[in-house]
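Participant: Could you work out the structure for the sequence below:
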Amino acid sequence: MAYWVVQTNYDNAFLLLVEQNESWCFKYVTPLTSGIPTHALGTWTIPQVRFIRDDEIIPEVENPEISPKFMRDSNVTRFRGLHVWDTKARQCLEPLVGDCVELLPLECEETGGSPLWAVNVIRVVDCLDHSQSKINYFKSGNIAGIARYVFKPGCLEGQHLFRMPEHNYGWVIASDTFKNRVEGCGLTGLVFELAWE
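Facilitator: Modelled structure (predicted):
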């Protein structure tokens, strides 16, 4: 089975807070996008979000030459580092990965009342075989990136969506089964980059 780094497509719309509130983001979102994943639903305050406008700079994109089309009809978009699912994405993917994620509601007038959920991936898998993988390090000794993934035999059995300690829990890894489910349902907005086969 293959495993994939899964990201949102930069050709699709990003969501921002209706009223920029960095203290809210630091309190509610930052802990979910860096550090060990944790449950948040019990303390989550539902934010009002909006789609980014064509004349705005995307805060998460460092390359200013990337110019998204700002399509608002994709099933998966992005909010402050978290994937966001619409109803179709939730109905398709939750049966497969419901125990791996926590869905945090968002309020968005621009969807015409259709709900959106920020996806907090809470499953952590520590399966990377460091001796067989090709890992690039900073001078400090911290991991800069992984050029070749090799996972320990049998360690990923039944794992379809997870984070890894080696990426400081920031990246989301998906199985072939998850990728096939996304494609079979015709979901838009995700990009898969092969990590290991």
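Participant: For the rest of this, base every contact and every neighbour count on C-alpha atoms.
Facilitator: OK.
Participant: middle-most residue in the protein, spatially?
Facilitator: His83 (4.1 Å; C-alpha atoms, centre = their mean).
Participant: Could you look up the SS state of that one?
Facilitator: Look at His83: counting by DSSP: H, G, I helix; E, B strand; the rest coil, its state is strand.
Participant: where does it land on pLDDT?
Facilitator: Note on His83: pLDDT of 94.
Participant: How about Leu15?
Facilitator: Looking at Leu15, its pLDDT reads 86.
Participant: Quick check: which element contains the closest residue to Ala195 other than its chain neighbours?
Facilitator: Residue nearest to Ala195 in three dimensions, not counting chain neighbours: Trp4, with 4.9 Å by C-alpha to C-alpha, 6 or more residues apart in numbering. Assigned by DSSP states H and E, Trp4 belongs to strand 3-8.
Participant: picking that back up, how many residues are close by the closest residue to the residue nearest to the centre of the chain other than its chain neighbours?
Facilitator: Distances taken as C-alpha to C-alpha, 6+ apart put Val119 closest to His83, at 5.4 Å, once the chain neighbours are dropped. Residues near Val119, counting by other C-alpha atoms under 10 Å, number 22.
Participant: what's the answer for Tyr169, then?
Facilitator: Burial of Tyr169 is recorded as 21 neighbouring residues (other C-alpha under 10 Å).
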